[in-house]
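Participant: What follows is a predicted protein model with its sequence.
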Amino acid sequence: MKRKFYADEVMHIYQRTVSGFNIFYSAEDFLVFYTLVSVYARRYDIVLLGLCQMIDHIHLLGTSRNLESMSRFISAYTSQYVKEFNRRTGRTGKLFEKEYGSAIKKEIKIIRSAIAYLFNNPVEKMLCAKAEEYRWNYLKYYGEFNMKPLRNCSYRLRKSIKIVQERFSKGEYLKYSLIDIIFKDLEKEEREYLTDWIIKLYFTFDVKKAVSYYRSYKDMLIAINSNTGSEHDIMEHSYCKTDTPYREMMVILKREGITDIRSVITWSDEDKKHIASLLKSRTSATHRQIRKFLHLKQ
């Protein structure tokens, strides 16, 4: 059926990866995608209410002021991220399923439920206790998020901030190659600071509109943490109750000396099966989770 997009109505967009493969392995992956969404949302005049980047899928809530811009927006950031991710990893082919889920939300109660559902995805997958504790649903940045001041801001960090500001002013997203440059040689505290700073700089969510469905940001948090929400209009497949094994696998691979976890994607099937046995013995991951993590075909 031909999709219908109605102007200014809240839409829930759900995108799943091919074969459920993982696509977000590091902060770099999250930031490239996030800045892409931010840039294209401005370009196509999309009002974003929420975005949640999970390890193997994406949820987005937004409105469009004309009937075609939402479709173009999704196509633009999706195709560009696939190019960036494939270039970085050396893989080829599509990354997302061609068809994505979409559902219009009209009544305030239903919109609230969709908001809670989006932000609580990481809670449901046991990645955090409260929705605002997960960095990549950006909920904590909706309130008065105060950047922790650094006692000594190094020259490298100041230079990195200047580079990002220049890209942002030109309406450009952050590519992997640039992220490599701006994070190089930074201390852990500086990396955390720069990550928060980038998120705030590219922050394009309409907080006022999102909070308008509640009385205040505080009430919004209470509501989200009190009710996980529901989504009956989109068929989201869920095979495991927790995503914590993905974190376990990353720790194990780093201990094995693999610094770029994404590199396993292009390993031979024989090498993947060898590391799969290791991950099965040392983590709580299921066979399906290991397959998705390694991009291992059945």
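Facilitator: Now that the structure is in, tell me what you want to look at. Numbering: from 1, shown residues only.
Participant: partners of the lowest-mean-pLDDT helix or strand in the chain, with directions?
Facilitator: Of all helical and strand segments in the chain, the minimum by mean pLDDT, DSSP states H and E falls on strand 101-105, at a mean of 88. Its sheet considered, strand 101-105 pairs with strand 10-16 (antiparallel) by DSSP bridges.
Participant: hmm, back to that, would you mark the buried spots in the least confident helix or strand of the chain?
Facilitator: Across strand 101-105, burial judged by 16 or more other Cβ atoms under 10 Å covers G101, S102, K105. Every C-beta, even on glycine, is put in place using the N, C-alpha and C of the backbone.
Participant: Between the residues you listed, which sits nearest I275?
Facilitator: Closest approach to I275 among the buried residues of strand 101-105 (Cβ to Cβ): G101, at 32.2 Å.
Participant: Identify the bridge partners of that closest one.
Facilitator: Note on G101: beta-bridge partners Y14, judged by DSSP bridges.
Participant: isn't it right next to H57, touching?
Facilitator: No. Between G101 and H57 there is no contact, the gap being 9.7 Å when judged by Cβ atoms under 8 Å.
Participant: distance between the host helix or strand of I275 and the chain's centre?
Facilitator: I275 belongs to helix 269-282 when assigned by DSSP states H and E. Distance, stretch centre to chain centre, for helix 269-282: 27 Å (Cα atoms, centre = their mean, to the nearest Å).
Participant: which residues sit against it?
Facilitator: With contact meaning Cβ atoms under 8 Å, 6 or more residues apart in numbering, helix 269-282 is reached by 248-249, 252-253, 256, 264, 267, 285, 287, 290-291, 293-297.
Participant: Among those, which ones are in helices?
Facilitator: Residues of these located in helices (DSSP state H): E248, M249, I252, L253, H287, I290, R291, F293, L294.
Participant: Identify the residue spatially nearest to the fourth one, adjacent ones excluded.
Facilitator: The one in question is L253. Leaving aside its sequence neighbours, L253 sits nearest to I261 (Cβ to Cβ, 6 or more residues apart in numbering; 5.5 Å).
Participant: can you tell me which residues contact that neighbour?
Facilitator: By Cβ under 8 Å, 6+ apart, I261 lies in contact with Y25, S26, M250, L253, K254.
Participant: So for Y173, what's the nearest residue that isn't a sequence neighbour?
Facilitator: Sequence neighbours aside, T35 is the residue nearest to Y173 in space, at 4.0 Å (criterion: Cβ to Cβ, 6+ apart).
Participant: is it true that E132 lies in a strand?
Facilitator: No. Counting by DSSP: H, G, I helix; E, B strand; the rest coil, E132 falls outside a strand, being helix.
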